[in-house]
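Q: just the structure for this:
(one chain, ligands or ions: 3)
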Amino acid sequence: MRITIEEPAVAAAATNGKAHTAAAAAPAAAPAPPSRSATPPLPPRPAADGDEPSTVYEPPLQEAVEITNKRSSDILHDPTLNKGTAFPLDERERLGLRGLLPPIISNMGVQLERVMKDFYYGLDQIPPEEIGSGITREMERRWRMLQGLQDRNETLFYRVLVEHFAEMAPIVYTPTVGWVCTNYHKLWRRPRGMFFSAGDAGHMASMAYHWPQEDVQAIVVTDGSRILGLGDLGTNGLGIPIGKLDLYVAAAGFHPSKVLPCVIDVGTNNARLLEDPLYVGLRQPRLRGDAYYAVVDEFVRAVTSRWPQAVLQFEDFSIEHALPLLERYRHHHLVFNDDIQGTAATAVAGLYGALRALGLPPSALAQQRVVCLGAGSAGMGVVSMIADAMVVQGCTPEEARRNFWVLSSRGLITSSREVIPSNVAPFARPEGELEGATLLEVVRHARPTVLLGLAGVGRLFTREVLEAAGAVCERPIVFAMSNPTSKMECTAAEALEATEGRCVFASGSPQDPFEFQGRRREFGQANNLFLFPGMALGAYLGRTGTVTDGMFMKAAEAIPELIEEEDLAAGLAYPRIKSIRDISAAVAAAVIAAAHVEGRVANANASAAAAAGPEALLRYVKRMMYSPFEYSSLAYRPLGQ
Ligand SMILES: NC(=O)c1ccc[n+]([C@@H]2O[C@H](COP(=O)([O-])OP(=O)(O)OC[C@H]3O[C@@H](n4cnc5c(N)ncnc54)[C@H](O)[C@@H]3O)[C@@H](O)[C@H]2O)c1
Ligand SMILES: O=C(O)C[C@H](O)C(=O)O
Ligand SMILES: [Mg+2]
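A: Ligands and ions are numbered 1, 2, ... in the order given. Predicted coordinates for the structure are as follows:
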């Protein structure tokens, strides 16, 4: 319900000194006569049918004051009340909107500019060519269409997404989501998720209560500092948690109303965004050091106090903060870092899958020689977990470490380098072994069986590198894991051509099948989408308190079991993503089983299911998953009607 107060414009002019609304700016009317009583005179009664015409009725000018008893998202979803990014701070505070809108308060002129740029669609948005050859205008159109559906009817949106996951994941998720984040401030329609910023210090705990859902089970948060391989996109990075949580619902059966995408805006160092009048994030350089951690700590306290059972996934934090934040919270909170841990488990799963495809047992992992391009959050997470998996397969930690050659932007890392981060040091090659060597030199020298790309730069697996990999190994495993498509180390076609079709290839961003040497070739997607939805579901259902390395290891081992025999014969290292719900259920069950062995399952039902054995546990997980295949009833109906 809404109450509209209409006041004579002169009153507004008297208090404010100048007319400041569209209505008040209309041509001036004669001032009302001074009143002798304390109550203002009633306006003349409008003429009614049958009245003698006397004077022309002149309605008082209206000041646009509207008082509403609606709050928070109900206001944003009421088109007559909504002002989008133009809500001033006092209204944001009084109406429970703080946190539901980006931190910048725009005026209508900026909003108008955004609309007009969109009206001349495509003239201002970054052309898809710049984001990557994988994104076409048709993909943009499909993204807009699906987003409209999600805003109107989430049940139908998720039904469509579940039924057509393989076609639609590349639209709502990687790689199209990279284009969405780059253009987020230009595509802006209505907010989804929450915005916490450095300007909200001291307010975050109360802001969490502005979110209308009492029961939030999963939160994905970014600070926008390393969005895919696209760098610092500031508040625009919120597109990534939104895409990840779309997969939480579609792939793992979280209820759509119980997931919460968040961005922590501590500024951006992206000059293009800072100069763009349409940018909706804080216009300041990124906070660092103690000031940065104070903001993230307050955010974590705010959301974990309001929703203590929720799983919190950290996503796309730059190398400076990704590992320190994980270490800061992982021992006391239900958190994980998808880029470090989810990617690592995905790579281990893919290697087990590739070995199966090559007809080798899991124990063969311990004999692989691995060259990893990229020593960042993802690269070192992957290398460390593969080494742990090699130990599971029978070698000593020292033997495992000798199987790796890791390169950063300065080439091969050896212990003769002056500064080596502590998580990289165990994998530095011995002093004197080709410090700073190029990838090509390293491939020729190390004779790898596995080539991993996690540098986020694009096309570093050149034809020469791939030919060398094919020359030193009969069936090299090549995973070009950087995202989005433009940052992949090589395409599937490049890998196959350079190795005469012998390599087992997978990539972080999807690759279409094609004919090669008279045979249709398809490829696995080495993307953490195999891990994070099921990991979160298992941790949430189990109420596991924390997320351990053991839970990730068991999740990784569960995935290759699900590759179909005919797909193994065709050289696929991963199961097909059309089976993503079964895969996520299996991952969740593996996670609960591992946590059960570690004595961490606090939910009695999950614990009993784990105790009853793998089949009972999988059945329990599947029954707990939300399905968008039926609308739920919003009116009471006796059973059977
Ligand atoms: N497929 C997946 O599931 C998945 C998961 C996580 C991250 N990624 C992708 O991995 C990439 C890296 O992510 P990150 O979080 O590790 O980033 P990061 O910034 O932490 O690390 C990047 C690393 O690449 C190295 N590097 C940069 N240029 C290089 C060059 N020319 N040669 C060799 N190394 C170079 C840097 O030195 C650094 O070690 C991104 O593109 C991201 O999208 C993919
Ligand atoms: O988002 C993805 O597609 C995978 C991964 O988390 C990444 O950062 O690239
Ligand atoms: Mg990521």
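Q: for the rest of this, base every contact and every neighbour count on C-alpha atoms.
A: OK.
Q: need the pLDDT of Y57.
A: Predicted confidence (pLDDT) for Y57: 79.
Q: how near is it to ligand 2?
A: Counting by Cα to the nearest ligand atom, to the nearest Å, the gap from Y57 to ligand 2 is 63 Å.
Q: tell me the phi and psi of that residue?
A: Phi and psi for Y57, reported as degrees, to the nearest 10, are phi -70, psi 120.
Q: what's the answer for the one 3 residues further on, then?
A: With angles defined as degrees, to the nearest 10, P60 shows backbone torsions of phi -70, psi 150.
Q: any idea how far it is from ligand 2?
A: 56 Å.
Q: flag every residue of the stretch 301-450 of the chain that's near ligand 3.
A: Residues of the stretch 301-450 of the chain lying close to ligand 3 by Cα under 5 Å from the ion are D316, D339.
Q: so where is this structure shaky, pLDDT-wise?
A: Residues of the chain meeting the criterion pLDDT under 70: 1-54, 62-64, 121-134, 640-641.
Q: could you redo the last one with a cut-off of 50?
A: For the chain, applying pLDDT under 50 flags the ranges 1-38, 123, 130-131.
Q: what's the longest strand in it?
A: For the chain, the strand that runs over the most residues, judged by DSSP state E, is strand 259-265.
Q: does ligand 2 have contacts with that one?
A: No - judged by Cα under 6 Å from any ligand atom, strand 259-265 and ligand 2 are separated, with a smallest distance of 13.9 Å.
Q: show me the helices in the stretch 251-400 of the chain, by range?
A: Taking DSSP state H, counting those that start in this stretch as the criterion, the stretch 251-400 of the chain carries its helices at 271-275, 289-306, 319-329, 343-357, 377-392, 397-401.
Q: quick check: L451 is in a strand.
A: Yes - the assignment for L451 by DSSP: H, G, I helix; E, B strand; the rest coil puts it in a strand.
Q: was I right to think it contacts P476?
A: Yes - shown here, L451 and P476 form a contact pair, counting by Cα atoms under 8 Å, at 7.4 Å.
Q: which single residue of the chain ends up nearest ligand 2?
A: Nearest to ligand 2 in the chain, going by Cα to the nearest ligand atom, is L228, at a distance of 4.1 Å.
Q: what's the closest non-adjacent residue to that residue?
A: Spatial nearest neighbour of L228, excluding adjacent residues (Cα to Cα, 6 or more residues apart in numbering): N483 at 5.4 Å.
Q: most neighbours per residue, which of the helices of the stretch 251-400 of the chain?
A: When you average the neighbours per residue for each of the helices of the stretch 251-400 of the chain (mean count of other Cα atoms under 10 Å), helix 343-357 leads with a mean of 27.
Q: could you tell me the angle between it and helix 377-392?
A: For helix 343-357 against helix 377-392, the angle by axes from the mean of the first three to the mean of the last three Cα atoms, to 10 degrees is 50 degrees.
Q: say whether ligand 2 is contacted by helix 343-357.
A: No - between helix 343-357 and ligand 2, judged by Cα under 6 Å from any ligand atom, nothing touches; the nearest distance is 7.1 Å.
Q: who's in contact with the residue nearest to G542 when sequence neighbours are not counted?
A: Counting by Cα to Cα, 6+ apart, G542 lies nearest to V601, which is 4.9 Å off, once chain neighbours are set aside. Going by Cα atoms under 8 Å, 6 or more residues apart in numbering, V601 touches G542, R543, T544, G545, I592, A595, S607.
Q: in what helix or strand does G202 lie?
A: Secondary structure from DSSP states H and E places G202 outside every helix and strand.
Q: and for E138?
A: Under the criterion of DSSP H and E, E138 resides in helix 137-152.
Q: helices or strands next to the helix or strand following that helix in the packing?
A: The helix or strand immediately downstream of helix 137-152 is helix 154-163, counting by DSSP H and E. Judged by 3 or more Cα pairs under 8 Å, 6 or more residues apart in numbering; DSSP states H and E, the packing partners of helix 154-163 are helix 137-152, helix 239-252.
Q: returning to what we had before: same list (the helices of the stretch 251-400 of the chain) but as TSV, adding distance to W179.
A: Shown next, in TSV, are those (distance: least, Cα to Cα, whole Å):
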stretch	distance to W179
helix 271-275	14
helix 289-306	26
helix 319-329	22
helix 343-357	21
helix 377-392	21
helix 397-401	38
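Q: hang on, the earlier thing: by contact count, what packs against the helix holding E138?
A: helix 154-163, helix 165-172, helix 176-182.
Q: mind listing residues that contact the first one?
A: Read it as helix 154-163. With contact meaning Cα under 8 Å, 6+ apart, helix 154-163 is reached by 146, 149-150, 168-169, 249-251, 256, 627-629, 631.
Q: over to the shortest one?
A: Here helix 176-182 makes contact (Cα under 8 Å, 6+ apart) with 126, 128, 131, 135, 139-140, 143, 170-171, 187, 227-228, 230, 233, 236-240, 243, 484.
Q: quick check: end-to-end length of stretch 254-263?
A: Using Cα to Cα, to the nearest Å, one end of stretch 254-263 lies 20 Å from the other.
Q: now do it: distance to the chain's middle.
A: Its chain's C-alpha centre and that of stretch 254-263 lie 11 Å apart, by Cα atoms, centre = their mean, to the nearest Å.
Q: buried stuff in that stretch?
A: F254, H255, P256, K258, V259, L260, P261, C262, V263 (16 or more other Cα atoms under 10 Å).
Q: flag every residue of the stretch 101-250 of the chain that's near ligand 2.
A: Counting by Cα under 6 Å from any ligand atom, the residues of the stretch 101-250 of the chain close to ligand 2 are T174, L228.
Q: returning to that earlier point: what strand or helix carries the residue nearest to L228?
A: Counting by DSSP H and E, N483 is part of no helix or strand.
Q: hmm, R226 and it touching each other?
A: No - contact criterion Cα under 8 Å: N483 and R226 do not qualify, at 11.2 Å.
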